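K.L.:
Everything below, folded, please.
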Amino acid sequence: MLLEGMSFPIPSEVVMPLAGYFSYQGSMNVYLAIIVGTLGSLMGSLIDYFIAYKLGLPFLIKYGKYVKITENRLKMLNDFFSKYGNISVFVARFLPAIRALISFPAGLARMPLLYFISITFAGHLIWNTTLVFIGYYFGSAWEMVISNLIKFDYIVLVVIILSIVIFILLKHNFLKFKP
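P.N.:
Residues are numbered from 1 along each chain as shown. So this is what the prediction gives:
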């Protein structure tokens, strides 16, 4: 999970349900799997945060290409972060692709470290707990779980996007009931 948190393509959608499956089989403690996975994710996110915080945008632009972090992706992430503020770090922990990269704009924006740690930990904890229990619950149907996890990512993405749209519409009184 450390590597996924550091923007390497190690999908938590495979690793954490596998830990849940091992817990189902009795070869791993389910709670230990959640804690270790969450702490690994947090450590990886902190490394990305500190790279951005200490070395800045020029470093990310120059060397990010080696881990598939292009200037366009950084701009997209910064726009997402600027638009939704600090809460975007929490929300991004549930979004495919953005999850591993959102720590960079947080570091560039100099988000307070304790706040970053708390919302990052909370997001990773919820995500990893969900994935571990999916693996545990579907222990005997492991092959089916693997094939359906990508669909789960898209369902989560759609729910979050719809929630944001509804929130924006409510904020601007577009959905206000008028008799």
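
K.L.:
list the helices and strands the longest helix belonging to the chain packs on?
P.N.:
Longest helix in the chain by number of residues (criterion: DSSP state H): helix 30-63. The contact analysis (3 or more CB pairs under 8 Å, 6 or more residues apart in numbering; DSSP states H and E) places helix 30-63 against helix 2-5, helix 12-25, helix 71-84, helix 103-108, helix 113-137. Where you see a C-beta, it was placed from the backbone N, CA and C, and this is true even at glycine.

K.L.:
run the last query once more with 6 Å
P.N.:
Counting contacts by 3 or more CB pairs under 6 Å, 6 or more residues apart in numbering; DSSP states H and E, helix 30-63 packs against helix 2-5, helix 12-25, helix 103-108, helix 113-137.

K.L.:
neighbours around Met85, how many?
P.N.:
For the record, residue 85 is Gly, not Met. By the criterion of other CB atoms under 10 Å, Gly85 has 10 neighbours.

K.L.:
And it, how far from Gly135?
P.N.:
Per CB to CB, to the nearest Å, Gly85 is found 33 Å from Gly135.

K.L.:
repeat for Arg99
P.N.:
Relative to Gly135, and taking CB to CB, Arg99 is found at 18 Å.

K.L.:
What of Ser41?
P.N.:
16 Å.

K.L.:
Between these two, tell me which one has more neighbours.
P.N.:
Neighbour count, other CB under 10 Å: between Ser41 and Gly135, Ser41 has more, with 29 against 26.

K.L.:
my guess is the more buried one contacts Leu125, does it?
P.N.:
No. If you go by CB atoms under 6 Å, Ser41 and Leu125 don't touch, sitting 8.8 Å apart.

K.L.:
list the buried ones in stretch 70-87?
P.N.:
Arg73, Leu74, Leu77, Phe80, Phe81 (16 or more other CB atoms under 10 Å).

K.L.:
Over to stretch 87-100?
P.N.:
Ser88, Val89, Phe90, Val91, Ala92, Arg93, Phe94, Leu95, Pro96, Ile98, Arg99, Ala100.

K.L.:
Now the second one: which helix or strand?
P.N.:
Assigning secondary structure by DSSP states H and E places Val89 in helix 87-92.

K.L.:
Low-confidence bits of this protein, can you list those?
P.N.:
Within the chain, the segments meeting pLDDT under 70 span 1-10, 142-147, 149-151, 170-179.

K.L.:
one more time with 90, if that's ok
P.N.:
Low-confidence segments of the chain (pLDDT under 90): 1-18, 21, 24-25, 61, 63-88, 91-92, 94-101, 134-179.

K.L.:
show me the residues around the spatially most central residue of the chain that make contact.
P.N.:
Geometric centre of the chain, nearest residue: Arg93, 2.2 Å, by CA atoms, centre = their mean. Listed by CB atoms under 6 Å, 6 or more residues apart in numbering, the contact set of Arg93 reads Arg99, Gly123, His124, Trp127.
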